[in-house]
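> What follows is a predicted structure for the sequence shown.
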Number of protein chains: 2
Amino acid sequence: MMTYLAPYKDMQRLVAQAYHQQDLAALESLDGFDPELANAVMEEAAKFAAGVLAPLNSVGDVQGCRFQDGHGQQGKVITPDGWQEAYQQFAASGWIGLALPEKFGGQGLPKYIAQPVNEMWLSANLAFVMFQALAQGGSEILLNFASDAIQNRYLPNIVSGGWTVAMALTEPNAGSDLGALNTKAILQSDGTYKIKGQKIYITYGEHDLTDNIVHLVLARTPDAPAGSRGISLFIVPKYRVTDNGALGEYNDIRCTGIEHKMGLHGSPTCSISYGDQDNCIGELVGELNQGLMAMFVLMNEARLSCGLQGVALGELGYQRALAYAHERTQGTNKQGEKVAIVEHADVKRMLLDMRSETFALRALGYQIAAQIDATEAADHSSKNSQSKKDRVALLTPIFKAFATERANVMAGQVVQVFGGMGFVEETGVAQIMRDARVTTIYEGTTGIQARDLMFRKVRGDQGKAITELLAEMAQHIRPFESDAMLAPMAKEALQVLAAVEAVLSSRLLSDDSDIESLHAVSVPFLEAMGVLCCMWQLCSTLSYQQAQDSHDVSYEQNIKAMVAFYGAYRLPSAMAALKVVENAGLGLSEYEF
Amino acid sequence: MMTYLAPYKDMQRLVAQAYHQQDLAALESLDGFDPELANAVMEEAAKFAAGVLAPLNSVGDVQGCRFQDGHGQQGKVITPDGWQEAYQQFAASGWIGLALPEKFGGQGLPKYIAQPVNEMWLSANLAFVMFQALAQGGSEILLNFASDAIQNRYLPNIVSGGWTVAMALTEPNAGSDLGALNTKAILQSDGTYKIKGQKIYITYGEHDLTDNIVHLVLARTPDAPAGSRGISLFIVPKYRVTDNGALGEYNDIRCTGIEHKMGLHGSPTCSISYGDQDNCIGELVGELNQGLMAMFVLMNEARLSCGLQGVALGELGYQRALAYAHERTQGTNKQGEKVAIVEHADVKRMLLDMRSETFALRALGYQIAAQIDATEAADHSSKNSQSKKDRVALLTPIFKAFATERANVMAGQVVQVFGGMGFVEETGVAQIMRDARVTTIYEGTTGIQARDLMFRKVRGDQGKAITELLAEMAQHIRPFESDAMLAPMAKEALQVLAAVEAVLSSRLLSDDSDIESLHAVSVPFLEAMGVLCCMWQLCSTLSYQQAQDSHDVSYEQNIKAMVAFYGAYRLPSAMAALKVVENAGLGLSEYEF
């Protein structure tokens, strides 16, 4: 059985830190939503995660979802044992609407509080809880783009968990390139649209948890421009919804199958056929041909949630590896006594690698969440608010791609710590590795995040946001130049910062002639930035904790040790990645595949 | 279905190169075993691999082996559909005894010819062909340590494939630490031993392919010294073997179950109980209490085979990724035409990363095989032969650990190239990743290889063998300092070599005070050596191919492009790893788990 206990102490401290560092206390709209409230919420969530969700994690993996064709015309998906009861409890406890508006029945909590709670769900049972990010992201789309009528008809049921949300984007020939999609939307005389097309990879596109499913479908009207500028967004429920919010007739949405995946067996990944009987009705959300813009809202949300999945899986794996390393003995010490493998230096290295990177990425994720709260609450026209938004936009692809790439590496390390036992499915750690594998693919592959970072976020504003970020990093690192233990870290970190600046001016911002070569090193560039972000967050955490005078000396010493370790073991890889960026293009353009 | 075509051109050239560079033509005992013969053998093997083994690869993954308890007392293992027929054909074609002595029915081919053939088996169907390395390694143990009587009774049937070999080492509490094992061996009046104990993780420990299985079992006599100096090796057949080689009575060996593994589903991993009825008879192989020494022969063999598995899985994955990248379109070019993803720079980077590293590791493996041939054929007492042996001993842990670690990274890249399709099991590439996962664990984890490298192979001879290796690497790299395209690579490679020398003298060979910290950076040190070995092999291949004047200009240009690419994209990681070695210990010793 997959056990999980929320790392409550780390979470509490990092939540308080994000709150203070982003100065959320100064925002009137967040009155009352302070770290004390956060702790109370986290305490409840931790119980639910450990008690209800975690025990079902391997049940979902072993059983998976089952598809039954020919259930009427709809195709039926049966979720694993216990899923339905857990969903009822989850919804009844109000967890779905935690960060959604009170107006529609939510609790209206800020993101900085929802973040650790979501992390707990993702650690405890990633496959189960995929519906949560969909409800959150789908609601934000509707809040931003849908008419009041649509909001009133759908949001109360989404926020309460009465209905789930499904996002229908991908088609067999339109994956990363959404502009190639072909699903049709034909305007009817009453202003609605008839939807017709096949979509794949729809998470929770069909299931047995709720009596309706709200599909948000990207489609194309007949006269729409080609490519991504001709895509519109439609709301298409499985059962139509009357004006007073009651369920109407079946809306001709048929699940044609579910994928047999490497991991996330408990989360149904559906193929859906819309309008087989020419009777699938949708309503436009937002402006015609502006569907991708609405989708970007969801994507940013989803990418941050993905990054948090990386943190959550890193934590889950670390907990398992640490417990096993304490319990498993191999070899003897000089006194001839058996020693636990946690005493072996190479195992220690792997454990501290996982621990420090997960901790740093958690800190980064919490800062981003608090920063979003700050921008949303602040005066939107202010210069300060725009700069905070640009910071979030810059960090999003780094957090998404780096946290998920590292979660994959860490999941591999967990298996390695378990040795032969890790390769045996019963131990449960192979599942972490299999589940993690998709996180670098969905919601935009690592390659796509890296392109977004290099071309939109760095070159797009001529390096303004990244230069500000580098300056802030330096500010947090410099104080440690005079610390005996941390001076080598600080020196090397500042060298890496200088190397980023050098490569920005020598290649990334100046070179317009060889864009191909820049594309080929966008992932290494993102990796370097990922390591730097972790180093920055570790340093900033250490300063913050030291300033708190918490008297928890051993906790602070461990954070300091992590800073030293991360500098010694991971900073060199950032320097190497920047060297690769400098070498951009060598060999690659000459090779013929 | 998992297709595989042997990379015949690369193999032919690297085989010829290894033959010439190790000067095997000068060895009388290898008369007639020239690259021309190698090509003929490879051609046949390639047909068998593609026609018989590859089509069964996903069958084995999907079906797996099945365990039936209560079949008599023995416990029965049923292999996947097609396994039995394929085994019959494999054995009948003489592939098992390919590199085993003619005296016992083998074909006596040198290792440098067996190496590409084995690579083909491993690519085509790793789970199936696990018995091959066991037959080879088991035979070498018997040839080196067993009495003539035992050799004559067992080897003909092993070499022909009539019986398979199983190695029974691990026990629940004795994994990496074999010294902790508890299986008992009690001397009988007739000189045989009664064996009693439980072993786990025994590959092909039970199956339905042959009518006998020869177990080589590590056990302890009652008065043996504690730890690893009290372990002896016994030959323990499932059915006893009469003096004339016929099958006798059942030898009280019971399979109690098979593991449910993440990958390699077609290869049964058995738990075996020896002597439940106190009637399991074994014979001593070699000297009493010298069992681990015999096992080292097997282990070296098995480690090289493991490294080759890394090459084989890298190749299989690369073939799948390349084919998919040519076929899958996403996005459009400036003319508005759809482009295959092989045109995307980031995909190219991943493909060339796989291609160049697999190629380089193959070259390294073939050189090691030829070097073993050279030492076995040469005058054993000569100084030159000892230095070649030391070279093989030095390269073995690097090849084993680095090739398998990289195979895991590459298998992840294959899934990444496939995107969402990679996460879906039907594509077959998830299997490569799942199968690869155990290769860094079995036959000594990466941590154990790294310890072997740093403490036995480098510190053990005060750096003699590694210094010779570094000098040879420099020799192969230096000529390219004057090549316009390769000068940056050569310059950086020489810098990395200098950094290895620096860290050898500043820490690895001098520092006896802080052994713990050295343990903690043994894996990074091995990684740096792995990258250097690849760089060296790529340079040496390029020189060799250029000297051949083969007129295959495009092939040579591609090799040159790989050299440039590998230098630009992978050398920096070696430098980073050495920096980590230099930083050994920072943070790790201060952290309290």
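Received, thanks.
> ok now do A:Glu28, which residues does it touch?
A:Ala377 (C-beta atoms under 8 Å, 6 or more residues apart in numbering or on different chains). Every C-beta, even on glycine, is put in place using the N, C-alpha and C of the backbone.
> Quick check: phi and psi at it.
phi -60, psi -40 (degrees, to the nearest 10).
> now do A:Ala219
phi -150, psi 180.
> what does A:Thr256 give?
Backbone phi and psi, for A:Thr256 under degrees, to the nearest 10, turn out to be phi -100, psi 0.
> I'd guessed it sits against A:Gly75; true?
Yes: using C-beta atoms under 8 Å, A:Thr256 makes contact with A:Gly75 at a distance of 5.9 Å.
> Residues in contact with both of these two, list them for me.
A:Asp69.
> which residue packs closest to A:Thr170, ignoring adjacent ones?
Beyond its immediate neighbours in the sequence, the residue positioned closest to A:Thr170 (C-beta to C-beta, 6 or more residues apart in numbering or on different chains) is A:Tyr201, lying 4.5 Å away.
> Quickly find the element holding the one you found.
strand A:193-203 (DSSP states H and E).
> then that strand to CSV, C-alphas only?
Extracted as CSV, the C-alpha positions of strand A:193-203 are listed here (Å, rounded to 0.1, in the frame of the first residue of the first chain):
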residue,chain,number,x,y,z
TYR,A,193,-23.6,25.2,-32.5
LYS,A,194,-23.7,21.6,-33.7
ILE,A,195,-20.4,19.9,-32.8
LYS,A,196,-18.9,17.1,-34.8
GLY,A,197,-15.5,15.5,-34.5
GLN,A,198,-13.2,13.0,-32.7
LYS,A,199,-11.0,13.9,-29.8
ILE,A,200,-8.5,11.9,-27.9
TYR,A,201,-6.5,12.0,-24.7
ILE,A,202,-9.4,13.5,-22.7
THR,A,203,-8.8,13.1,-19.0
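> so what does it touch, helix or strand wise?
helix A:111-145, strand A:164-168, strand A:184-187, strand A:213-219, strand A:232-237, strand A:269-274, strand A:281-285 (3 or more C-beta pairs under 8 Å, 6 or more residues apart in numbering or on different chains; DSSP states H and E).
> That one pairs with which strands?
Here strand A:193-203 has these sheet partners by DSSP bridges: strand A:184-187 (antiparallel), strand A:269-274 (antiparallel), strand A:281-285 (antiparallel).
> outside of the lowest-mean-pLDDT helix or strand in chain A, which residues touch it?
Every helix and strand of chain A was ranked by mean pLDDT, DSSP states H and E. The lowest is strand A:329-332, at a mean of 88. Strand A:329-332 has contacts (C-beta under 8 Å, 6+ apart) with A:Lys338, A:Val339, A:Ala340, A:Ile341, A:His344, B:Asn173, B:Gly175, B:Ser176, B:Asp177, B:Gly179, B:Ala180, B:Gly227.
> Can you list the strands that it pairs with?
Assessed with DSSP bridges, strand A:329-332 is paired to strand A:338-340 (antiparallel).
> which parts of the strand it pairs with are buried?
Neighbour counts over strand A:338-340 (16 or more other C-beta atoms under 10 Å in any protein chain shown) mark A:Ala340 as buried.
> starting at the chain centroid, how far to it?
38 Å (C-alpha atoms, centre = their mean, to the nearest Å).
> Let me see the contact set for A:Asn251.
A:Val236, A:Pro237, A:Lys238, A:Tyr239, A:Arg240, A:Asn279, A:Cys280, A:Ile281.
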